[in-house]
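Student: sequence first, predicted coordinates after that:
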Amino acid sequence: MLSFMKPWQEQTYALVRIVSGFLFLWHGSQKLLGIPAASYEPPPHILWIAGPIELIGGILIMIGLFARPAAFLASGLMAFAYWMAHGPTPLLPIQNGGELAVMFCFVFLYISARGAGIWSVDGPNK
């Protein structure tokens, strides 16, 4: 009974990669293209450094093309973002609003270690 999802582990991993890349690319789209509209204006260094990594990296992760290096770069960006924006305040992510950055960081770190998997441009063995 506890292994009911075992036959679907590859498909589940592919969905995690696709959905996390899709969600991530919108952060970059918001910064670079203004779509969807942002509720605040980030500083220029955030727009021109984080924006392209989020937009292009999110697309690459989502489609599974160069997923390992894109996910590794995105993971590092999210670690940096956490410590720059949330770390100086209370340490726990639940207290400082950094849960999303932490989740993206570790999901992308896992994707960088595991690779693109099935349903990807690079193919399951890349």
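Tutor: Now that the structure is in, tell me what you want to look at.
Student: tell me how far the longest helix anywhere in the chain lies from the chain's centre.
Tutor: Under DSSP state H, the helix in the chain containing the largest number of residues is helix 9-33. Centroid separation between helix 9-33 and its chain, computed with CA atoms, centre = their mean, to the nearest Å, is 6 Å.
Student: and for it, what's in contact with it?
Tutor: For helix 9-33, the surrounding residues in contact (CB atoms under 8 Å, 6 or more residues apart in numbering) are 5, 35-38, 42, 46-47, 50-64, 67, 74, 104, 107-108, 111, 114, 116-120, 124. Bear in mind the C-beta positions are built from the backbone N, C-alpha and C, glycine included.
Student: among those, name the buried ones.
Tutor: The neighbour count (16 or more other CB atoms under 10 Å) marks 50-51, 53-64, 67, 74, 104, 107-108, 111, 116-117, 119-120 as buried among the contacts of helix 9-33.
Student: quick one, what contacts residue 66?
Tutor: Residue 66 touches 60, 122, counting by CB under 8 Å, 6+ apart.
Student: would you list the phi and psi of it?
Tutor: When read as degrees, to the nearest 10, the backbone of residue 66 gives phi 50, psi 40.
Student: next one: it relative to residue 89, how far apart?
Tutor: 34 Å (CB to CB, to the nearest Å).
Student: how about residue 96?
Tutor: 4 Å.
Student: please apply the same query to residue 109.
Tutor: On the measure of CB to CB, residue 109 and residue 89 end up 23 Å apart.
Student: ok, now residue 15?
Tutor: On the measure of CB to CB, residue 15 and residue 89 end up 33 Å apart.
Student: and residue 119, by the same measure?
Tutor: Distance from residue 119 to residue 89, counting by CB to CB: 39 Å.
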